[in-house]
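1. predicted model, plus sequence, below.
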Amino acid sequence: MEENDENQQDVLLFKGLRRQVRRRDLGEPSPMQKQLAAVRERQEKERADELADAINSPYYWWWVFVRESQEYRDVVGGQKVDRTIAALAKDFGDLRSADFERWWFKTGRYLFSQKKPEVKTLQDGVVIRDSEKKQCLYLEVPLRMRRVTALRKINKILGEHFKGEDGGRHNVYARSQAKREVNKSSKIRPRTFQQFYDVWMDRKRYPESPWWETGEKLNISAAYKNFPHTLKGDWLDNNRNMTLTVQRIYRKTQKLIYWAARGEFPRVK
């Protein structure tokens, strides 16, 4: 290639632009490129942090156990089973081929998010409905009084409504506006959800294997695990106790899946 041809390669022409744009040195990004790269990096980190928090939350396990519901799959497949399941399917969508990350950012985060309340000025002529009165407190503040006086009176009125049992702090979730909510009174921890899921999946893969084998394989209870030196009588007792323990976990998981598909999670009774 001749030298003149190389110089022509450095000039970029754009339709609609009168000026020719010379190509920047690709070895050094421009200030704008650095700024955009920093923005992308921050957005990717925020997305990764949000996903990590979601995976460590009950929201993830709700998604997991709903996918295990045959009734839910039947509804998604077009069969009419239960009205509450159909309502959840409308919100959660078809989970048969979805991965959690895609589902969370497309659907889940909007189902469980709270609408941020805002303080605003009502325009003249706005009609206040009874439903609005239950969610908001409407005040009339005469502008002819001093600001400090108005604030003192407003704080006094708010003090009558913002009465929490935790030292005066207001429970902002008492009147949640999220479309779907987890059962906040549940004491089930993520590691318990994991144990339920492990037992459920092992029984799906090996339905003919003894229950106590599932328990030993998953280290369900160290107290009932057999070892080479375990006496024969103790061996049988351990197998029986391990079987009962695993079966109890399995029944709870069945209930968990049953209620998860009906919009109540977590619930095992």
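-> That came through, no problem.
2. tell me the pLDDT of the most centrally placed residue in the chain.
-> With distances taken as Cα atoms, centre = their mean, Tyr59 lies nearest the centre of the chain, 3.8 Å away. pLDDT recorded at Tyr59 is 93.
3. quick one, what contacts it?
-> Trp104, Gly108, Phe112, Val182 (Cβ atoms under 8 Å, 6 or more residues apart in numbering). Glycine gets a C-beta too; all of them are placed from N, C-alpha and C.
4. format those residues as a markdown table; extra columns: secondary structure, distance to Val64 and pLDDT.
-> What follows is the contacts of Tyr59, written out as a markdown table (DSSP: H, G, I helix; E, B strand; the rest coil; distance: Cβ to Cβ, whole Å; pLDDT from 0 to 100):
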| residue | secondary structure | distance to Val64 | pLDDT |
| --- | --- | --- | --- |
| Trp104 | helix | 12 | 93 |
| Gly108 | helix | 12 | 90 |
| Phe112 | helix | 15 | 87 |
| Val182 | coil | 13 | 87 |
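5. quick one: the strands in the stretch 101-250 of the chain?
-> Assigned by DSSP state E, counting those that start in this stretch, the stretch 101-250 of the chain shows no strands.
6. what residue ranges in it score low on pLDDT?
-> Residues of the stretch 101-250 of the chain that meet the criterion pLDDT under 70 lie in 114-118, 130-134, 162-177.
7. thinking again about what came up before, how far off centre is the host helix or strand of the residue nearest to the centre of the chain?
-> Assessed by DSSP states H and E, Tyr59 sits inside helix 58-66. Its chain's C-alpha centre and that of helix 58-66 lie 8 Å apart, by Cα atoms, centre = their mean, to the nearest Å.
8. let's have the chain start at 536 instead
-> Okay, using 536 as the starting number, the last item reads as helix 593-601.
9. contacts for stretch 608-627, please.
-> 598, 601, 604, 606-607, 629-631, 642, 646, 714-715, 796-798.
10. please spell out the PyMOL selection for the buried subset of those residues.
-> Applying 16 or more other Cβ atoms under 10 Å to the contacts of stretch 608-627, the buried members can be selected in PyMOL as follows:
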select buried, resi 598+601+604+606+607+630+642+646+715+796+797+798
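11. how close does the closest residue to Glu606 other than its chain neighbours get to Tyr759?
-> Nearest-residue entry for Glu606: Val616, 5.0 Å, with adjacent residues in sequence omitted and distances by Cβ to Cβ, 6 or more residues apart in numbering. Distance of Val616 to Tyr759, computed by Cβ to Cβ, to the nearest Å: 38 Å.
12. go on, Arg679?
-> Using Cβ to Cβ, we find Arg679 at a distance of 78 Å from Tyr759.
13. the two: who's more crowded?
-> Set Arg679 next to Tyr759 and count neighbours by other Cβ atoms under 10 Å: Tyr759 wins out with 20 against 5.
14. how many neighbours does the closest residue to the more buried one other than its chain neighbours have?
-> Spatial nearest neighbour of Tyr759, chain neighbours left out: Met777 (4.0 Å); criterion: Cβ to Cβ, 6+ apart. For Met777, the count of nearby residues is 23 (other Cβ under 10 Å).
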